[in-house]
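*Asks:* sequence and predicted structure are below.
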Amino acid sequence: MAMTSSAGAAGPPTGDGAIVHRDLVFDLSAGEEATFRRADLVVEGVDHAQISYEVRVFLNNRAADDTTARSPDNGYAGRFVVFGHGNCFGAAGHCDSTIAEPSAQSVEPGGGLPHPLAPQTRMLTITEPLRRALASPAGRLESLTFVPIAKAPRRDRRGLAAGLFKCGRISLRTYR
């Protein structure tokens, strides 16, 4: 399966502190993208040092929030869940993700295993939602909206939470 060009996030995230928006332009003008069989949204550098949370992803719907119906009409593309580490109860420095102990079973180039709090990568297959966005009157994908929903054990602490979802690079990979 060949991979075609990916569209990365353009500019810094914007939002109200809880909901994260990324603007980008992905359309069919490049030609090859029109023949994709699969499309994956790849979110790198996902922070999981806090509580567990769900991230709902909407295409071309900057108004989406935690009350938006998860339907194709609203641009809903799917969700992913981040299993959070929660509060750190270790000694000072215990939860600093820059520490990695050397190991005979190294998986990192510099030796050692990645720290348990090292940022993670999440992948969400969005083939059909992307096709719907490209078939819309705009004819392209212009924005991604990430709605993080806290999954705290106590019901009164569930819902949108400012600063919960943090990530680095976001790319769209299409495959022929």
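*Replies:* Good, I have the coordinates. Residues are numbered from 1 along each chain as shown.
*Asks:* stretch 62-73 spans what distance, first to last residue?
*Replies:* Stretch 62-73 stretches 13 Å from its first residue to its last (C-alpha to C-alpha, to the nearest Å).
*Asks:* you'd agree L134 is up against L141?
*Replies:* Yes. Distance between L134 and L141: 6.8 Å, which falls inside the contact criterion (C-beta atoms under 8 Å). All C-beta spots, glycine's among them, are computed from the backbone N, C-alpha and C.
*Asks:* strands of this protein, residue ranges please.
*Replies:* Chain-ordered strands for the chain, with DSSP state E as the definition, fall at 7-8, 10-15, 20-27, 38-46, 53-59, 76-82, 120-125, 140-150, 170-175.
*Asks:* elements contacting the last one?
*Replies:* So that's strand 170-175. strand 7-8, strand 20-27, strand 38-46 (3 or more C-beta pairs under 8 Å, 6 or more residues apart in numbering; DSSP states H and E).
*Asks:* could you export that strand as CSV, CA atoms only?
*Replies:* Once side chains and other backbone atoms are set aside, the C-alpha atoms of strand 170-175 remain, and they are given as CSV (Å, rounded to 0.1, in the frame of the first residue of the first chain):
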residue,chain,number,x,y,z
ILE,A,170,-0.8,16.4,13.6
SER,A,171,-0.6,14.9,10.2
LEU,A,172,-3.1,13.4,7.7
ARG,A,173,-1.8,10.3,5.9
THR,A,174,-3.6,8.9,2.9
TYR,A,175,-2.9,5.5,1.4
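*Asks:* next, the angle from it to strand 20-27.
*Replies:* Relative orientation of strand 170-175 with respect to strand 20-27: 40 degrees, computed using axes from the mean of the first three to the mean of the last three C-alpha atoms, to 10 degrees.
*Asks:* give the buried residues for strand 170-175.
*Replies:* By neighbour count, with 16 or more other C-beta atoms under 10 Å as the criterion, the buried positions of strand 170-175 are I170, L172, R173, T174.
*Asks:* L134 and L141: which has the busier surroundings?
*Replies:* Here L134 and L141 are set side by side on neighbour count (other C-beta atoms under 10 Å), and the busier one is L141, at 26 against 20.
*Asks:* who's the more buried one bridged to?
*Replies:* L141 has the following beta-bridge partners by DSSP bridges: F26.
*Asks:* do you know the pLDDT at it?
*Replies:* The per-residue pLDDT reported for L141 equals 90.
*Asks:* residues in contact with A152?
*Replies:* By C-beta atoms under 8 Å, 6 or more residues apart in numbering, the contact list for A152 reads I51, S52, R158.
*Asks:* residues near E128, how many?
*Replies:* Counted by other C-beta under 10 Å, the residues lying close to E128 total 12.
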